[in-house]
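Novice: Here is a sequence with its predicted model. Questions after.
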Amino acid sequence: MYHFLRPLTASVTYTRWLHLLMPAAVVSVWLFISMDTPWVPVVLAAMVGLIPGMRLAEGIQAQLLLTPAERGDSDATISVAPSTSWSERWRTALWLEIRLLGTGLTGLATVLLSTTAVDLVRSSFGWASTGQGFATGLGAHWWAALLSPVPVVMLFAVVVSCGEIITAAARWLLGPTPVQRLTALEERTEQLLERNRIARELHDSIGHALTVAVVQAGAARATQDPDFTNRALAVIEETGRDALEDLERVLRVLRETDAPPGQRPSLTEADRLLDSARGSGAKVDAEVTGPLELVPEPVSREGYRILQESLTNVLRHSGAVPVRVRIRVADGRLELEVSNPLPVSPGAPGRGGSGLRGIRERAALLGGRARTGPSDGEWTVHASLPLHGIG
């Protein structure tokens, strides 16, 4: 029984009800202006949904009212960002149409079922009905009040059901795309790696300071020599001061806000990777064709990671060997190829490694493809990524 009554005590039920009824005010104003054109709000909703900022506004509303528990969560099933592709714009337009449909059903049920409950109570007292609802013209009957809870229960059933449906639609249409999920996963991975590094540094620093303090204090007590005690206290003071500085530095890093995805490295910074490979002794022959600055950010960022992993594999498995890098932007695609001579020792470099699998997964998530393996005496990594239709 509690399972069925629990939605009545959940605040999210009423915030979803509010979310469903909010567009009714705009629709009512238009119907007051022109009852002969009820289709205009539907057309306007589809057009407004194509505005990039509308996805941001709808995402904020949906998070606040439909999934308040996920507000501010980096893993939220509803994203809060403007549309970055036509796919996201059309999905937003479809979402607005579904929201209007939910508004119509919920608004109609709210008016008819609530007035029906009122009319049943009025009928039991012999009063005239409101002229709306399903109990119009019922007449005066003392038992009518006993039926008044029925439309109320039906109303809550409609509200809860529509709330669940509209929330599922929001997660489907306003949720993050695979590319956005990949970006969020990378950011979270980088955060965890950075926090682990900071934790190791803090452990070493604080652990060293405490160890020195304990040893020096024990030695000073054992010797009971004033000069030695003064020197021990000076060492403890200096070591403690250094540890406090390390702690303050770590806390300052943890308080800093995370950098947005747009500040992560992209292919426009490929020279950094090429120079690093050259500095490690590799002879890099690089050729870039096409405007890298016009490549969409998700593609450019993943292209950078693919190039980084490819060059890392060359240096790890083949050493300082000639490397040929070709980056080409044309015909709506980004073509990236890294080749190097196969090592003299048997076995291809990186065969079956997680890095090569990660390259193929990155390409697949962007709707592209990647090929890795030996070809004509060389080890080749070739990735082809689409520039359009991302998301």
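Specialist: Received it, and whenever you're ready, just let me know what you need.

Novice: Can I get stretch 58-73 in CSV, CA atoms only?
Specialist: The C-alpha coordinates for stretch 58-73 follow below in CSV (Å, rounded to 0.1, in the frame of the first residue of the first chain):
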residue,chain,number,x,y,z
GLU,A,58,14.7,23.4,-21.3
GLY,A,59,17.6,21.4,-19.8
ILE,A,60,17.7,23.8,-16.8
GLN,A,61,13.9,23.5,-16.3
ALA,A,62,14.0,19.8,-16.7
GLN,A,63,16.8,19.3,-14.1
LEU,A,64,15.1,21.6,-11.6
LEU,A,65,11.6,20.2,-11.9
LEU,A,66,11.8,16.7,-13.4
THR,A,67,15.0,15.4,-11.9
PRO,A,68,15.9,17.7,-9.0
ALA,A,69,18.0,14.9,-7.4
GLU,A,70,20.4,15.2,-10.3
ARG,A,71,20.8,18.9,-10.1
GLY,A,72,24.5,19.8,-10.4
ASP,A,73,25.5,16.2,-10.9
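
Novice: Just the mean pLDDT for it, thanks.
Specialist: Taken as a whole, stretch 58-73 has an average pLDDT of 86.

Novice: Could you do stretch 162-178 as well?
Specialist: Mean predicted lDDT for stretch 162-178 stands at 90.

Novice: Other residues contacting that stretch?
Specialist: 12-13, 16-17, 19-20, 55, 58-59, 62, 66-67, 77-79, 87-88, 91-92, 94-95, 98-99, 102, 105-106, 184, 365, 390-391 (C-beta atoms under 8 Å, 6 or more residues apart in numbering). (Glycine included, C-beta is placed from N, CA and C.)

Novice: and if we set it to 6 Å?
Specialist: For stretch 162-178, the external contacting residues (C-beta atoms under 6 Å, 6 or more residues apart in numbering) are 16, 20, 59, 62, 66, 77-79, 91, 94-95, 98, 102, 106, 365, 391.

Novice: quick one: which two of these are the most distant?
Specialist: Put simply, by C-beta to C-beta the two of those set farthest apart are Thr106 and Leu365, 36.9 Å from each other.

Novice: Of those two, give the one with the bigger neighbour count.
Specialist: Thr106 (23 against 17; other C-beta atoms under 10 Å).

Novice: and that one, what element?
Specialist: helix 86-124 (DSSP states H and E).

Novice: Give me the distance from that helix to the chain's centre.
Specialist: Here helix 86-124 shows a centroid-to-chain-centroid distance of 30 Å under the convention C-alpha atoms, centre = their mean, to the nearest Å.

Novice: Can you give me the buried ones in it?
Specialist: Of the residues in helix 86-124, 88-89, 91-100, 102-103, 105-107, 109-110, 112-120, 122-124 count as buried by neighbour count, 16 or more other C-beta atoms under 10 Å.

Novice: One more: stretch 226-241?
Specialist: Thr229, Ala232, Val235, Ile236, Thr239.

Novice: Throw the residues you listed into CSV and include secondary structure, distance to Asp271 and pLDDT, thanks.
Specialist: Shown next, in CSV, are these (DSSP: H, G, I helix; E, B strand; the rest coil; distance: C-beta to C-beta, whole Å; pLDDT from 0 to 100):
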residue, secondary structure, distance to Asp271, pLDDT
Thr229, helix, 58, 82
Ala232, helix, 53, 74
Val235, helix, 47, 70
Ile236, helix, 49, 75
Thr239, helix, 43, 68
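
Novice: And these, which is closest to Glu293?
Specialist: Looking across these and measuring by C-beta to C-beta, the closest to Glu293 is Thr239, at 50.3 Å.

Novice: Torsion angles phi and psi at Leu387?
Specialist: phi -90, psi -20 (degrees, to the nearest 10).

Novice: which one is Thr15 nearest to, not counting chain neighbours?
Specialist: Leaving aside its sequence neighbours, Thr15 sits nearest to Leu65 (C-beta to C-beta, 6 or more residues apart in numbering; 4.3 Å).

Novice: For that neighbour, give its distance to Arg55.
Specialist: 16 Å (C-beta to C-beta, to the nearest Å).

Novice: Among those two, which residue is more densely surrounded?
Specialist: Arg55 (25 against 22).

Novice: Can you tell me which helices and strands the helix or strand where the more buried one lies packs against?
Specialist: For Arg55, the element it lies in under DSSP H and E is helix 52-65. If contacts are counted by 3 or more C-beta pairs under 6 Å, 6 or more residues apart in numbering; DSSP states H and E, helix 52-65 sits against helix 86-124.

Novice: following the helix it packs on, which helix or strand shows up next?
Specialist: Remark: after helix 86-124, the chain's next helix or strand is helix 149-173, criterion DSSP H and E.

Novice: What ranges does the protein have for its strands?
Specialist: All strands of the chain, identified by DSSP state E, fall at 283-289, 322-330, 333-341, 369-375, 378-386.

Novice: Nearest to Val43, out of those?
Specialist: Of the strands of the chain, nearest to Val43 by C-beta to C-beta is strand 378-386, at 31.7 Å.

Novice: How much space separates Leu21 from Val150?
Specialist: Distance from Leu21 to Val150, by C-beta to C-beta: 22 Å.

Novice: The nearest residue to Arg371 once chain neighbours are set aside: neighbouring residues, count only.
Specialist: Nearest-residue entry for Arg371: His382, 4.9 Å, with adjacent residues in sequence omitted and distances by C-beta to C-beta, 6+ apart. His382 has 20 neighbouring residues, counting by other C-beta under 10 Å.

Novice: Provide the backbone phi and psi angles at Pro296.
Specialist: phi -50, psi 150.

Novice: And it, how far from Leu267?
Specialist: For Pro296 relative to Leu267 (C-beta to C-beta), the value is 11 Å.

Novice: ok, those two, which is more surrounded?
Specialist: Neighbour totals were compared for Pro296 and Leu267, and Leu267 leads with 24 against 19 (other C-beta under 10 Å).
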